[in-house]
Each structure stands twice: as structure tokens, then as C-alpha cells.
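K.L.:
got a structure for you, letters missing:
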């Protein structure tokens, strides 16, 4: 019979249904007490059984609230067995159907059977807990259930209260829906989402039928059924299972269905509507970071909650915290701080200062200060959260590892390298204890440790950390996962500094392949990798290959960012360097000038990149014989570098050397000596008295004294240079008395930093 069809008068007279006595069948007639005669002994027995079932359910619900899922399962499963037995006993008499029962029979059949057949779960797939064999290619999807996003509105088990005025059949069906619903929660607590979903779906079959029945019955019965499980509650739990497993599309469909039912049943301004709107906002937030759509639903939820609950309530704080995350994601840090602060104050008021939800708002506020560059305030909040997390969660918890990494990052940014290493190491230990040795977050921490060593030029330790992270990623990620490309790129940067260009090029090619597969061939990250390949080809004097990849990178960046962009300017500078090497000075000059114009337009004149390009332009003028123009540009670059970087900087030293060499070529020995001596003073302050940089400059100074006939001064300079050279283990031939190339120009290439 069709679900929506109506019985004719003749059909009603003939509709006599006999229900099977098998224990797997559930009572199919909610109104049997009004149209059939029961014998008194059966009624008395069923009353006793229903009371026992009610008591068992309530004990099970209490155990579940007390985090005793094993005891809860025992009580609830016994309750379900009694319900099945009672269903058999009640169905020994023929039952006459009355409206609206014409759609009950097919719907209720087998509701008490907890072992769902496969076709009944069609469309609902659940990831299995990864075994040691299958875990290697699976990303870990983890929603932190300790913190409230407003997704757990209907997470409490239901206690059965008195339902006076209801028929035994109606009471029986309502109890069945509650027991099944509570068993769903038991399996959620024990981590068996697939079995939990089966119970929730069984419960929903009953709640939907009850909803339809109550829609066409009198208000007294509706009031008596007020304590029943709602379809909206069941849908919320099914949606949350999808959400925890990362199946956001399925979760969205489920919550949208719950919203439609809640608005139809209660109207648009009900608290259940507000809860569902918040959940849909959370799903939008996690689905490709659709933050504007998420904000729309959060604001609708907040308006309803404030109208019903007032301005101060834990649920208000939850929605505010969610709204703060939207502002944070959109870089609206001042707005984020306002709502985070309000959420924090309310959570402390209602939940206590040491509650984990208060800690979540505290951590979020710390992250906002961190992004604003207020590192001391961020550090204070991070430490406060860390103390709370270690107290509540223990030292070896994932979120302790996360906050330790955040603290380490601030120390890293403040150049407190020893402290940064200390906290990254603690984060690594906590992460391994919480998640195991083979987890993406462990690999991420190793990568950050590698970055720290790389910045300190400790290449051996950097490479060890990167390679350890890579070994973890190979176990837990697909071979072409984007995170793999990041680690490979970092390893390539170490090899680049070590001069192992063949290794670097091979790694860049692997990175490029992964990026093109996942991001497409026109993504800015592809341009970054092409730029790195261009530098290697340049170093290997493979100029045609270098020009080819640079031009590809330039096209991608112009398409992505437009012509007036700093990444475009950097690529033009690289192409200019390449053309200079090939002797194409006119084209090289055009590239340098266009690059410098973009930098000046976007960043102003007094910044290091402008000085670098200015030196490159000066080198072209020097090579083409225009020494005066070259000298003017070198001096202007020196002024910019001193303004932007300070006097004691290696870029300043480099430019001083260039100016000194030009003076030397022009025969202006006094001027050349002046600039070499100034460079020597800075080198000693930066690198120490016994650095090889100082030895090389002393060699130049000694040559000038020799040309001026100042033998004693020449001997002093060269003796000091030789002493440094021997102490450093270098060959004496490194220090030339004559014959050095006065036209040797250092074209500047900025170092590439490790990828974070």
C-alpha cells in the first residue's frame, strides 16, 4: 500500500492484519488499544514488562551519563530484548487498522531487529578504523570532541518519564524509539559509528511514524508524548557521525533535512532551529572554508538564541566563538578579538575558568594576538591554556602538542632558537605519545624543527629532521600528497645550499609533478617551483632550460596576480640575471628596470630588493663601459641598504666591495682603500676577526698598499690574511697578491627560504 494513500470504506472493513510472532517483528499498530480487546492477564503482564523496560532504560541512560558505556549497553540491550518479547505477546490477536495506521505496518516491521541488512544501510558508508596495514594511505580526520562547536545539542541519552494517558501500543513504540536512540549513543561513546548509525536509523523509522500520527491526533496525546525522542534529534546524531568522519556533504544533507523538519514543526524561531542553523554553519566552515556562508547561518542562529535565551548563555558563547573563527579566517582580527573576548567571559561565567571550552576561546584569542604580531600577549594566553590543557588532558595529549608548537613558533619568530627547539621537541614527544610515531602531525612538527635548523644554517640537522618527517609521511600519506611535496621541497633547499644541484633538480621535478596533479599547471605554487628550477639550471649554466622555466613562471604569475606584483618583479629580476649571463645586456636592462619599477610602486624606494636590482643595473653599465653611471647607482644602492638594513649588514659589505673595485679599476687607490677598510670593519663586527671574509678583504687592502709602495702596511695586511687563512685550513693560494679580476661583478640572487 502506498505510504500516502487513503483507505476506502471497503478497504477499512477488510483491513485485518495478522502480525508474525517472530521476535524480529515490532508492533505494527499504534492504536490497537482502541479497536481490539485484550485479556486482563495479558494487560497486567505487559504493564509489568513495560515498567521493567522503562527501569532498565533509565538505569542505562544514567550509566551512560556517568561514562559507563559497558553497563549502559547491558541494561539497554536487555530492555530491547524485553521489548521484542512484548511485541510478540501483544501481536497474538488480530488487529483492525484505523486511520492513520494504513502506513504503519510496512514501516514498523523489523524495527527491533538490531542487525540491519546491508540494503537498509544503502547510501551510508563508514570508514573503518585503520589497521596497521591500511593506515599508511589514510589521512587522519579528527574533530576535537572535547571542544564545543555547538554540534552536540542532542548528545544526551533520554530518560523515560511517566506517559499517562497513552495506549500500551503507543507507549511501547515510544519506548522502543528511546531505547534504540540510547543504544546509538552507547555505540558513539565506544567509537562504533557504523553500529551507532544503525540504531539511530532504526529509531528514526519510529520517530517519523510517531510524528505523522501525532500530527493528526488530539492535543492531550501530543502533550503526553512530549518526552519522546524527536526526528530532529536523531538526524542531528546521524549528521554528527558524518561530520566526525569528514563526510561533509552527507552531513550537510542530514542537517538540512533536520532544519526543514524543525521549521515545519516548530516554526522559524525555535531553539531547535537555532541549533540546526549553527550546525549547518559549522559544516560550511569545514567545507572548503566557505566562511561567508557559514557566517550567514551563525548569525541567524545567534539572533534566535538571543531572542529566546537572552544575551548571556553557554550556547550564545558557543555561537560567538564560531563567529570569531570566521573573522579570524578573513583576517579581521579586531572583530575576532571582540567576539572571542565575549565568548571567553561568558564561558568562564557559566562553565568556570578551567573548563575546556573556556580554554578553547582562550587559545583562539591567543592565536588572534599572534596574528596581530602582539607576541607577548599571545605567549601569555598560550601558556595559560597549556597549564589548563596539561591539567585536564594530561601531558601526552594532542592539544598539548598543538599549543606547544604554537609557543615554539613564537620563540622561533623572536629568534629564540634554543627555546624554540625545546618546545618543538616537547611537542614532538607529546604528539608521538598521543597519536603514535606515524601521524601527519608528527611529520609536521619534524618539518618545523627542520626549518628551525635550516635558518641557523645547521644543514645536517635540518636534513635529518626533514628526512625523518618524510619517512613518516610516506607511511601515512599517498605518494603524491601535497604535504609530501612540501617536505621534498624543504629537502631540496638543503641540497641547494650544499651545492648538490642534481639532487635538487630531481626533487623539484617530483614536487612539480605533485603540484600540477593537485593544483593544476597554472597555480602560483607551480610558479614557485619553476622559479627554483630556473635557479638550478642557471647555476649549472643551462641557460636555455633556465629561460624556459622562468618564462613559464612569469606567465603563471602575471595571470594569477597581474603585472604589478612583487612575485612578478622577482621573476623579471631572475630573467634579467640570466640574460646578463648570456650577454644580452639590452634585454637584461629592460627586465631589471621593469622589476625595479614594480618594487618602488608597491613597496617604496627604500627597501632591500630595490637596492639589489639597482646593483644589477649598475653591473650592466659597468660592463658596457659606463663607469660613472655604475658608480652613481652603486652609491644610491648603498644609501638604500643602510637605511633599510642598517650599517652592519652583509649586503652593505657586498656593495662596499663593488664600489671599492670600481675605484680600483679607475686607479683611485685612496678611494678604493677607504671602502675596503670600511667593509673590513663591518665584516669583523658581523663575522668576527678571524672570518674568511675578513681575510679576503685584507688581501685586497694588501694589494692596494703594494701598488702605493707602502710595503710595511702591505706586509701587515697580508700577514694577517695568511694567519686567518691557515687557522681556517684554507690554501694560501686563496689569497692572490695580483691578477685578480677587477671587473668581477657579484650579481645578487636572494636565498630561498625553507617552505613552512
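P.N.:
Perfect, I can see it now. Please read all numbers here as calculations on a predicted model, not as lab measurements.
K.L.:
tell me, what residue is most central in this protein?
P.N.:
In the chain, the centroid-proximal residue (CA atoms, centre = their mean) is residue 286; its distance is 9.6 Å.
K.L.:
would you check that that residue makes contact with residue 245?
P.N.:
No: contact criterion CB atoms under 8 Å: residue 286 and residue 245 do not qualify, at 11.9 Å. All C-beta spots, glycine's among them, are computed from the backbone N, C-alpha and C.
K.L.:
before we move on, the earlier item: excluding its backbone neighbours, what's nearest the residue nearest to the centre of the chain?
P.N.:
residue 248 (5.8 Å; CB to CB, 6 or more residues apart in numbering).
K.L.:
cool, and residue 610?
P.N.:
Setting aside the residues directly before and after it, residue 610 is nearest to residue 599 in space (CB to CB, 6+ apart), at 5.0 Å.
K.L.:
so where's the stretch 1-150 of the chain uncertain?
P.N.:
Of all residues in the stretch 1-150 of the chain, those with pLDDT under 70 make up the ranges 1-47, 87-147.
K.L.:
what about residue 257, how many residues close to it?
P.N.:
16 (other CB atoms under 10 Å).
K.L.:
pLDDT score for it?
P.N.:
pLDDT for residue 257: 96.
K.L.:
shouldn't it be in contact with residue 235?
P.N.:
Yes: using CB under 8 Å, residue 257 is in contact with residue 235, at 5.8 Å.
K.L.:
helices along the stretch 451-600 of the chain, start to end?
P.N.:
Listed in chain order, the helices of the stretch 451-600 of the chain (DSSP state H, counting those that start in this stretch) span 459-476, 482-497, 501-519, 524-539, 543-561, 566-581, 585-603.
K.L.:
now those helices in TSV, with mean pLDDT?
P.N.:
Converted to TSV, those look like this (pLDDT from 0 to 100):
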stretch	mean pLDDT
helix 459-476	96
helix 482-497	95
helix 501-519	96
helix 524-539	96
helix 543-561	96
helix 566-581	95
helix 585-603	96
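K.L.:
for those, give me a markdown table that also has mean neighbour count and distance to residue 416.
P.N.:
Shown next, in a markdown table, are the helices of the stretch 451-600 of the chain (neighbours: other CB atoms under 10 Å; distance: least, CB to CB, whole Å):
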| stretch | mean neighbour count | distance to residue 416 |
| --- | --- | --- |
| helix 459-476 | 19 | 17 |
| helix 482-497 | 22 | 22 |
| helix 501-519 | 18 | 30 |
| helix 524-539 | 22 | 29 |
| helix 543-561 | 18 | 34 |
| helix 566-581 | 22 | 29 |
| helix 585-603 | 18 | 28 |
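K.L.:
and of those helices, who's closest to residue 160?
P.N.:
helix 459-476 (45.2 Å; CB to CB).
K.L.:
wait, the residue nearest to residue 610 sits on residue 566?
P.N.:
Yes: counting by CB under 8 Å, residue 566 is a contact partner of residue 599 at 6.9 Å.
K.L.:
common neighbours of these two, please.
P.N.:
Residues touching both residue 599 and residue 566 by CB atoms under 8 Å, 6 or more residues apart in numbering: residue 609.
K.L.:
secondary structure element for the residue nearest to residue 355 when sequence neighbours are not counted?
P.N.:
Spatial nearest neighbour of residue 355, chain neighbours left out: residue 347 (6.4 Å); criterion: CB to CB, 6+ apart. Per DSSP states H and E, residue 347 falls inside helix 333-351.
K.L.:
now what about that helix, what contacts it?
P.N.:
Taking CB under 8 Å, 6+ apart as the rule, helix 333-351 contacts 312-314, 316-318, 320-321, 323-325, 327-328, 355, 357-358, 361-362, 364-365, 368-369, 371-372.
K.L.:
what's the distance between residue 582 and residue 541?
P.N.:
10 Å (CB to CB, to the nearest Å).
K.L.:
higher neighbour count, those two?
P.N.:
Neighbour tally, residue 582 and residue 541, criterion other CB under 10 Å: the higher count belongs to residue 582, 13 against 9.
K.L.:
and the contacts of helix 333-351, which are buried?
P.N.:
By neighbour count, with 16 or more other CB atoms under 10 Å, those hold 314, 316-318, 320-321, 323-325, 327-328, 355, 357-358, 361-362, 364-365, 368-369 as buried.
K.L.:
fine by me, we can end here.
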